[in-house]
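Just the structure for this:
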Amino acid sequence: MNQARDAQTADSLDRSPVWAPHHEESVPEMLPSPQTFTCLREVDLFADLSPEEMDAFGRMVPLRRFARGETIYSQSEPMNALFILKQGRVRIFRLAEDGKALTMAILEPGAVFGEMLLVGQRMYDNYAEAIEDSLICQLTAADVEAHLLSDPRIAVRISRLLADQVVRLEARLADLALRPLTARTASMLLELAETAPPSRFGLPPAIRLTHEQLAGLLGATREATSKAMGELASEGLIRQGRGRILVLGMRGLREAARRTS
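The predicted structure is shown next:
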């Protein structure tokens, strides 16, 4: 009896699909129901609104799906809109005249981005691309003017958001001018670890980026970035995997980020 059961189990395993590094099992996409979903929840910009206010406004904001690799906006197709990332990740980048891409930011769920002259946020020559299947809410200029700028609670948070963006941009420019690549890499990993989704079971923060994507954020070549990552890994500060970086020592990364040579 046991031999027959073992043979049946072995036969079922033989017929199961073989895992490959680039193979991902398809998972049915599940959208939240309209009764429980709102674009505004878990977004700092709307933290002062009551649940009733969030639900009322959130039901008026359309939700769009973007597949991995799909462009959300580009220099050739600009959009005067404000976007709220609810699920997935988005890369904001700029193209140089030689075609080289410089990544400005990797956005996680809860980020607000796009062009909205009413609040002083510009896309300039930026592109936005979904690097994972994403769910994004889109607000028009009329929505922003009628529902956001008219509310002093949100207007104050918008001004803080823009001020934080200026501070981060100035810090990146200072890094490019003054710090060696290993220090810039450590600084960028710290910033990404702080915004990464919390890990389960008390594991170290995980950053889901390839070396090529990280190089785009640093304005460096992939080869030079891989070398800097190797140095940090040899010091036991990070552990590298396929498209994933585990931060093992936040304190050590802070010290590495302050290096000047």
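
Every contact and neighbour count from this point should use C-alpha atoms.
Noted.

Mind listing the residues bridging to the residue nearest to Ala196 when sequence neighbours are not counted?
With CA to CA, 6 or more residues apart in numbering as the criterion, Ala196 has its nearest non-adjacent residue at 6.3 Å, and that residue is Ile207. Taking DSSP bridges, one finds Ile245 as the beta-bridge partners of Ile207.

correct me, but Ile207 touches Gly241?
No: Ile207 lies out of contact with Gly241 (CA atoms under 8 Å); the separation is 10.1 Å.

Next, count neighbours for Ser234.
A total of 11 residues lie near Ser234 under the criterion other CA atoms under 10 Å.

tell me the contacts of the closest residue in space to Ser261 that isn't next to it in sequence?
Ranked by CA to CA, 6+ apart and with sequence neighbours excluded, the top spatial neighbour of Ser261 is Pro180, at 6.1 Å. Contacts for Pro180 (CA atoms under 8 Å, 6 or more residues apart in numbering) come out as Arg259, Thr260, Ser261.

can I assume the first one is in contact with Arg179?
Yes: under the criterion of CA under 8 Å, Arg259 lies in contact with Arg179, with a separation of 7.2 Å.

between the two, who's got more neighbours?
Higher neighbour count among Arg259 and Arg179: Arg179, with 17 against 14, using other CA under 10 Å.

which residues sit in contact with the more buried one?
Taking CA under 8 Å, 6+ apart, we find Arg179 in contact with Arg259, Thr260, Ser261.

could the residues you listed be laid out in JSON lines, adding distance to Met250, pLDDT and secondary structure?
Formatted as JSON lines, the contacts of Arg179 follow (distance: CA to CA, whole Å; pLDDT from 0 to 100; DSSP: H, G, I helix; E, B strand; the rest coil):
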{"residue": "Arg259", "distance to Met250": "15", "pLDDT": "85", "secondary structure": "coil"}
{"residue": "Thr260", "distance to Met250": "18", "pLDDT": "79", "secondary structure": "coil"}
{"residue": "Ser261", "distance to Met250": "20", "pLDDT": "76", "secondary structure": "coil"}
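
Redo these as TSV? Include distance to Val90.
Putting the contacts of Arg179 into TSV (distance: CA to CA, whole Å) gives the following:
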residue	distance to Val90
Arg259	30
Thr260	31
Ser261	33
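
For Gln165, grab the count of nearby residues.
Residues within reach of Gln165, counting by other CA under 10 Å, total 12.

same question, Leu246
Counted by other CA under 10 Å, the residues lying close to Leu246 total 19.

returning to that earlier point: so which of Ile207 and Gly241 has more stuff around it?
For Ile207 and Gly241, the more surrounded residue by other CA under 10 Å is Ile207, and the numbers stand at 21 against 11.

Now tell me what touches the strand or helix carrying Gly230 from outside.
Assigning secondary structure by DSSP states H and E places Gly230 in helix 222-234. Residues outside helix 222-234 that contact it (CA under 8 Å, 6+ apart): Leu181, Thr182, Thr185, Ala186, His211, Glu212, Leu214, Ala215, Ile238, Arg239, Gln240.

Just send the residues you listed back as a markdown table, with secondary structure, distance to Arg222 and neighbour count too.
What follows is the contacts of helix 222-234, written out as a markdown table (DSSP: H, G, I helix; E, B strand; the rest coil; distance: CA to CA, whole Å; neighbours: other CA atoms under 10 Å):
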| residue | secondary structure | distance to Arg222 | neighbour count |
| --- | --- | --- | --- |
| Leu181 | helix | 12 | 23 |
| Thr182 | helix | 13 | 24 |
| Thr185 | helix | 12 | 26 |
| Ala186 | helix | 15 | 25 |
| His211 | helix | 6 | 20 |
| Glu212 | helix | 5 | 16 |
| Leu214 | helix | 8 | 23 |
| Ala215 | helix | 5 | 21 |
| Ile238 | strand | 18 | 25 |
| Arg239 | strand | 18 | 19 |
| Gln240 | strand | 15 | 17 |
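
Spell out the residue ranges of the helices in the protein.
Secondary structure of the chain, counting by DSSP state H: helices at 2-15, 51-58, 141-143, 152-178, 181-195, 211-218, 222-234, 250-257.

so what secondary structure elements neighbour the fifth one?
Here helix 181-195 touches strand 206-207, helix 211-218, helix 222-234, helix 250-257, going by 3 or more CA pairs under 8 Å, 6 or more residues apart in numbering; DSSP states H and E.
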